[in-house]
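Visitor: prediction below, plus the sequence it came from.
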Amino acid sequence: MFIAMNRFKVLPGSEAEFEAVWQNRDSQLHTVPGFVEFNLLKGPERDGYTLYSSHTLFESREHFEAWTKSEAFRQAHRGAGERKPLTAGHPEFEGFEVLQTIGMSAAA
């Protein structure tokens, strides 16, 4: 498994609009081979921004890399730079290979 995360520093007062952009977009992820799950996370308020993170789980790093080169990726991200800035700078990408997973089924 591979987790692709982007961290966003959302400007004060832009939180609702930022969330709406994500919730109303056509992500295309459901069409991508190897896609497992997506989460949009809202974190703490800090000095001058609210922290958000997108968290996408793929079956492998190769599946993630194929997604970033796909037409579905281009469609999902089209128009991203056309609206007013909602964040302080570009998102910070972090990619992780999953080494261990503990779920509820393991506890049974």
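Guide: Done, it's in. What you see is a predicted model, and the numbers here were worked out from it, not measured in a lab.
Visitor: for the residue nearest the centre of the chain, what are its contacts?
Guide: Most central residue of the chain, judged by C-alpha distance to the mean C-alpha position with C-alpha atoms, centre = their mean, is residue 54 at 2.6 Å. For residue 54, the residues meeting the contact criterion (C-beta atoms under 8 Å, 6 or more residues apart in numbering) are 4-6, 8, 22, 38-41, 91. C-beta here means a position set from N, CA and C on the backbone, and glycine is covered the same way.
Visitor: closest to residue 78 among those residues?
Guide: Each of these was scored against residue 78 by C-beta to C-beta, and residue 22 proved nearest at 14.5 Å.
Visitor: let me know the closest of the contacts of residue 54 to residue 61.
Guide: residue 4 (8.9 Å).
Visitor: near that closest one, how many other residues are there?
Guide: Residue 4 is surrounded by 20 other residues when neighbours are defined as other C-beta atoms under 10 Å.
Visitor: let me see the confidence value for residue 100.
Guide: Looking at residue 100, its pLDDT is 94.
Visitor: what about it, distance to residue 34?
Guide: Look at residue 100 and residue 34: by C-beta to C-beta, to the nearest Å, they are 20 Å apart.
Visitor: these two: which has the busier surroundings?
Guide: For residue 100 versus residue 34, neighbours defined as other C-beta under 10 Å are more numerous around residue 34 (17 against 4).
Visitor: list the contacts for that one?
Guide: Applying C-beta under 8 Å, 6+ apart, the residues contacting residue 34 are 58-60, 62-64, 66-67.
Visitor: specify the beta-bridge partners of the residue lying closest to residue 44 once chain neighbours are set aside.
Guide: The shortest distance from residue 44 to any non-neighbouring residue, by C-beta to C-beta, 6 or more residues apart in numbering, is to residue 51 (5.9 Å). According to DSSP bridges, the partner residues bridging residue 51 are residue 9.
Visitor: residue 51 is in contact with residue 15, isn't it?
Guide: No - judged on C-beta atoms under 8 Å, residue 51 makes no contact with residue 15 at a distance of 10.6 Å.
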